[in-house]
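In: With the input below, show me the fold.
(chains A, B, C and D)
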4 protein chains.
Amino acid sequence: MRTAEMIASSPARTGVDPELLARTIDALVACAQTCTACADACLSEEMVAEMRACIRTDLDCADLCDTTARVLSRQTAYNADVTRALLQACIQVCRTCGDECASHADHHEHCRICAEACRACEQACSELLAAIG
Amino acid sequence: MRTAEMIASSPARTGVDPELLARTIDALVACAQTCTACADACLSEEMVAEMRACIRTDLDCADLCDTTARVLSRQTAYNADVTRALLQACIQVCRTCGDECASHADHHEHCRICAEACRACEQACSELLAAIG
Amino acid sequence: MRTAEMIASSPARTGVDPELLARTIDALVACAQTCTACADACLSEEMVAEMRACIRTDLDCADLCDTTARVLSRQTAYNADVTRALLQACIQVCRTCGDECASHADHHEHCRICAEACRACEQACSELLAAIG
Amino acid sequence: MRTAEMIASSPARTGVDPELLARTIDALVACAQTCTACADACLSEEMVAEMRACIRTDLDCADLCDTTARVLSRQTAYNADVTRALLQACIQVCRTCGDECASHADHHEHCRICAEACRACEQACSELLAAIG
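Out: As a prediction, the model looks like this:
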């Protein structure tokens, strides 16, 4: 990932701490990949019928983290209201997905890793939201 | 679009009015396509330098409407908190994009159409949010 | 969907028949929504373990149709080579998903509808590919 | 990114070299972020009118790399034909975007970095395509 370099090389400025911004984008991108892979791994589990809620929330979390990473990667005509509302939604889905994956962490390594990625992403988004005010 | 038929043929139920749900998904999908096309049309305008904010908000709105349409298309293990937070973010970006496009509606037909799509989408999402409570 | 109006109102021109282009984008967008909903409906089926391949190909098809709809919605700096390669990939995934869903059409109405959407999308993409040459 | 761990922890197997698969997914994810950021940085450049083709191809490349990363992250019911067609399309868009960004590399640092990300992604996808056969 070359997120920090890309933020620094843009002529646009958002007023948001670039180091925190880059860290959040990286956490979102990692969480999206982990959730996509976790949904697929759950689908291949023998007990797939017990993994329905995990698959569904993984898919939601992947979609929303992807979109949030894209919106945060744009610095032109920055809009704090949109950013704030999106971060709040992303924090909600990361928390939901992290809780669901954590409940399967003892049985499935992919859920254990995914719960960690969701927690890290929720934390990064919360710090960015606090910084935006 | 066969959204209503797909909702009806799923074994899962969310408790949300299926007609309202289908109408909202259709509005989101239409808004996403319109915003993607509007961003591109703005990019080809002679006065592209004056369309920067419109292009950026079009891209954000397309991404968020796409994601919201996906999440609403899922009925398994429905989560009202995630749905609510996502609808709030989507309403925010549709309002922002609708306002921006409306300010160019007299000069660019694509912005006039896109403002209408954003208003319709904001309205549908607001109705769904009110129905979810 | 206001796809045709958006194509007509752009200052950019691709040389591709606008009516065929709009029809293909609409088929892609409908197929993406149908595949997202079919993946979710399959996930809620009692025999979810038998629907694994269908869920996986639905997810792939939704992602690729979404991306193809976006790329086709852009007319600025049109590139025939990219468009052609993307249409070929999209035709491949629509055929795969259509075949998989068709094999479940007798048991699941959502798979029957989804197979139709995949066939229609494959057909539209094939016509557009032939027209591009 | 915990891509390699996620591949290893899935019960599904594709027969594709997991280390190469993880490396390709990571290159795709990095390229998608870089292209999204480059499109935005180009949009904020004073000479935005000269960056139209770069913005458009950046947006295409971001969308297609995102989708390819998602499809490759799925191991359930692996389909070599879909993977191959998608990799071919992704290689085409990475080459196109890499060429376009390289032509601006002397003037814009974001285009220089983005050209490198596109080249690295094209290379990884080509290696994976060769390995799939």
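In: Dihedrals phi and psi, the spatially most distant residue from the centre of chain A?
Out: Centroid-distance maximum for chain A: A:Glu46 at 27.2 Å, with C-alpha atoms, centre = their mean. Dihedral angles phi and psi of A:Glu46 (degrees, to the nearest 10) take the values phi -60, psi -40.
In: at contact distance from chain B, anything in stretch A:34-46?
Out: No - Stretch A:34-46 stays clear of chain B (C-beta under 8 Å from any C-beta of the partner chain), getting no nearer than 11.3 Å. C-betas here are computed from N, CA, C, even on glycine.
In: Name all residues that make contact with the residue farthest from the centre of chain A.
Out: For A:Glu46, the contact set (C-beta atoms under 8 Å, 6 or more residues apart in numbering or on different chains) comprises D:Pro11.
In: Likewise for A:Glu127?
Out: A:Glu127 sits next to A:20, A:24 when contact means C-beta under 8 Å, 6+ apart.
In: give me the element it is part of.
Out: In this assignment (DSSP states H and E), A:Glu127 forms part of helix A:109-132.
In: buried ones in that helix?
Out: For helix A:109-132, the neighbour count (16 or more other C-beta atoms under 10 Å in any protein chain shown) marks A:109-122, A:124-129, A:132 as buried.
In: list the buried ones in stretch A:35-53?
Out: A:35-45, A:48, A:51-53.
In: can you check stretch A:20-37 too?
Out: Here stretch A:20-37 shows A:21-37 as buried, counting by 16+ other C-beta under 10 Å.
In: In helices, which of those residues appear?
Out: Secondary structure from DSSP state H places A:21-37 of the buried residues of stretch A:20-37 in helices.
In: Can you sort out which of those also neighbour chain D?
Out: Checking these against chain D (C-beta under 8 Å from any C-beta), the matches are A:25, A:29-30, A:33-34, A:36-37.
In: wait, which of those is closest to B:Glu100?
Out: A:Ile25 (23.6 Å; C-beta to C-beta).
In: In contact with that closest one, which residues?
Out: A:3, A:69, A:72-73, D:33.
In: and those near chain C, which?
Out: Answer for those near chain C: none qualify (C-beta under 8 Å from any C-beta).
In: and A:Met1, what is it in contact with?
Out: A:26, A:29, D:1, D:29-30, D:33 are the contacts of A:Met1 under C-beta under 8 Å, 6+ apart.
In: so A:Ile7 touches D:Asp40, yeah?
Out: No - counting by C-beta atoms under 8 Å, A:Ile7 stays clear of D:Asp40, with 9.9 Å between them.
In: Give me the pLDDT value at the spatially closest residue to A:Tyr78 that is not a sequence neighbour.
Out: Distances taken as C-beta to C-beta, 6 or more residues apart in numbering or on different chains place A:Thr14 nearest to A:Tyr78, at 4.0 Å, with adjacent residues excluded. At A:Thr14, the predicted lDDT confidence score is 92.
In: what residues does chain A put near chain B?
Out: Residues of chain A lying close to chain B (C-beta under 8 Å from any C-beta) are A:52-53, A:55-57, A:59-60, A:63-64, A:66-67, A:70-71, A:74, A:76-77, A:79, A:81-82, A:85-86, A:88-89, A:92-93, A:96.
In: Filter these down to the ones in strands?
Out: If you go by DSSP state E, the residues of chain A next to chain B have nothing in strands.
In: hmm, which of those residues are the buried ones?
Out: Buried members of the residues of chain A next to chain B, counted by 16+ other C-beta under 10 Å: A:52-53, A:55-57, A:59-60, A:63-64, A:66-67, A:70-71, A:74, A:76-77, A:79, A:82, A:85-86, A:88-89, A:92-93, A:96.
In: Please flag which of those residues sit within helices.
Out: In this view, these that belong to helices under DSSP H are A:52-53, A:55-57, A:59-60, A:63-64, A:66-67, A:70-71, A:82, A:85-86, A:88-89, A:92-93, A:96.
In: rewinding a little: kindly indicate which of the ones next to chain D among the ones in helices among the buried residues of stretch A:20-37 lies nearest chain C.
Out: A:Thr36 (8.7 Å; C-beta to the nearest C-beta).
In: need the contact list for the residue most central in space within chain A.
Out: Computing the C-alpha centroid of chain A and ranking residues by C-alpha atoms, centre = their mean puts A:Leu28 first, at 3.4 Å. By C-beta under 8 Å, 6+ apart, the contact list for A:Leu28 reads A:65-66, A:68-69, A:72, A:90, A:121, A:124-125.
In: Can you check the pLDDT for the closest residue to it other than its chain neighbours?
Out: In space, A:Leu28 comes closest to A:Ala69 once its chain neighbours are excluded; the distance is 3.9 Å by C-beta to C-beta, 6+ apart. In this model, A:Ala69 is scored at 98, pLDDT.
In: Within range of chain D, give me the residues from chain A.
Out: So chain A meets chain D at A:1-3, A:5-7, A:9-12, A:25, A:29-30, A:33-34, A:36-38, A:40-41, A:43-46, A:62, A:66, A:69-70, A:73-76, A:108-110, A:113-114, A:117 (C-beta under 8 Å from any C-beta).
In: residues contacting the closest residue to A:Leu129 other than its chain neighbours?
Out: In this structure, A:Leu129 finds its nearest non-sequential neighbour in A:Leu87, 4.5 Å apart by C-beta to C-beta, 6+ apart. A:Leu87 makes contact with A:68, A:125, A:128-129, A:132 under the criterion C-beta under 8 Å, 6+ apart.
In: and which of those residues is nearest to chain B?
Out: Distances from chain B to these, taken by C-beta to the nearest C-beta, are shortest for A:Thr68, at 8.9 Å.
In: Now do the closest one: how many residues are near it, please.
Out: A:Thr68: 32 surrounding residues under other C-beta atoms under 10 Å in any protein chain shown.
In: Excluding residues flanking it in the chain, which one is nearest it?
Out: In space, A:Thr68 is closest to A:Cys90, 4.5 Å off (C-beta to C-beta, 6+ apart).
In: can you pull the contacts of A:Gly15?
Out: Contacts here follow C-beta under 8 Å, 6+ apart; on that basis A:Gly15 touches A:Tyr78.
In: and it, helix, strand or coil?
Out: The assignment at A:Gly15 comes out as coil when based on DSSP: H, G, I helix; E, B strand; the rest coil.
In: Got phi/psi on it?
Out: phi 90, psi -10.
In: measure it to chain D for me?
Out: 14 Å (C-beta to the nearest C-beta, to the nearest Å).
In: got it, and A:Gln123?
Out: Distance of A:Gln123 to chain D, given as C-beta to the nearest C-beta: 16 Å.
In: Show the pLDDT at that residue.
Out: On the pLDDT scale, A:Gln123 is placed at 98.
In: Ignoring the adjacent residues along the chain, who's closest to it?
Out: Using C-beta to C-beta, 6+ apart, the closest residue to A:Gln123 is A:Ala27 (7.8 Å).
In: Correct me if wrong: that neighbour contacts A:Ala124.
Out: Yes - counting by C-beta under 8 Å, A:Ala27 does reach A:Ala124; the two are 4.0 Å apart.
In: A:Arg95 against A:Glu122, yeah?
Out: Yes - look at A:Arg95 against A:Glu122 with C-beta under 8 Å: they come within range, at 5.5 Å.
In: Chain C contacts on chain A?
Out: A:39-40, A:43-44, A:48-49, A:52, A:55-56, A:59.
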